[in-house]
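*Asks:* when you get a sec, could you give me coordinates for this:
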Amino acid sequence: MKQKLREALFVFLQCTWGLPQTIAGFIVYLICRMRGCERFFFGGAICTEWHRDDGISLGLFIFCPAGGGIHLHEYGHTFQSLLLGPLYLALVSLPSLMWAGLPVFRRMRREKRVPYSRLFCEGWADRIGAKYEKHGRKVYRRK
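*Replies:* Modelled structure (predicted):
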């Protein structure tokens, strides 16, 4: 019962305080569903395993490669969304997209062996996800 209440609060907050990113996530989710991507619940979030190598978290929605092992990291981003609300897109999503995608940052990470988690929001997401794994909480269930 306690877990159901947490998940309900999670969904409510993502659909109010985190509404901008949840709307964007819903649009991506619909596109993925039309393409036949698998989905399941992950700690209150809706996780979709898409046909890409990367992951993204948009409010209530997580998108990860199948078996990619980044579900907990992306789940960490959902808590950043809860904390930052409408500021999440500017403070986490934009820097994260630039860090992951711009050639200058990709080259720097590769040549200087800079870990992906060096960017503040990525390391923060790793730490949040690790807390759930460390405490042995069951955060996912298949539909």
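
*Asks:* sketch out the low-pLDDT regions of the protein for me.
*Replies:* For the chain, the stretches with pLDDT under 70 are 68, 133-143.

*Asks:* how about a cut-off of 90?
*Replies:* For the chain, applying pLDDT under 90 flags the ranges 1-7, 40-44, 51-53, 66-72, 129-143.

*Asks:* quick check: phi and psi at Leu102.
*Replies:* phi -70, psi 130 (degrees, to the nearest 10).

*Asks:* same question, Ala45
*Replies:* Reported as degrees, to the nearest 10, the phi and psi values for Ala45 are phi -80, psi 160.

*Asks:* next one: the one 5 residues further on
*Replies:* Note on Trp50: backbone dihedrals following degrees, to the nearest 10 are phi -100, psi 180.

*Asks:* from memory it sits against Cys32, does it?
*Replies:* Yes - in this structure, Trp50 is within contact of Cys32 by CB atoms under 8 Å, at 5.3 Å. For every residue, glycine as well, the C-beta is placed using N, CA and C.

*Asks:* overlap in contacts of those two?
*Replies:* Phe63 (CB atoms under 8 Å, 6 or more residues apart in numbering).

*Asks:* ok, these two, which is more surrounded?
*Replies:* Higher neighbour count among Trp50 and Cys32: Trp50, with 22 against 19, using other CB atoms under 10 Å.

*Asks:* going by residue numbers, what spans are strands in this protein?
*Replies:* 38-42, 45-50, 56-58, 61-65, 140-142 (DSSP state E).

*Asks:* can I get the ones you listed in TSV including distance to Arg109?
*Replies:* Output for these, formatted as TSV (distance: least, CB to CB, whole Å):
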stretch	distance to Arg109
strand 38-42	27
strand 45-50	23
strand 56-58	18
strand 61-65	19
strand 140-142	29
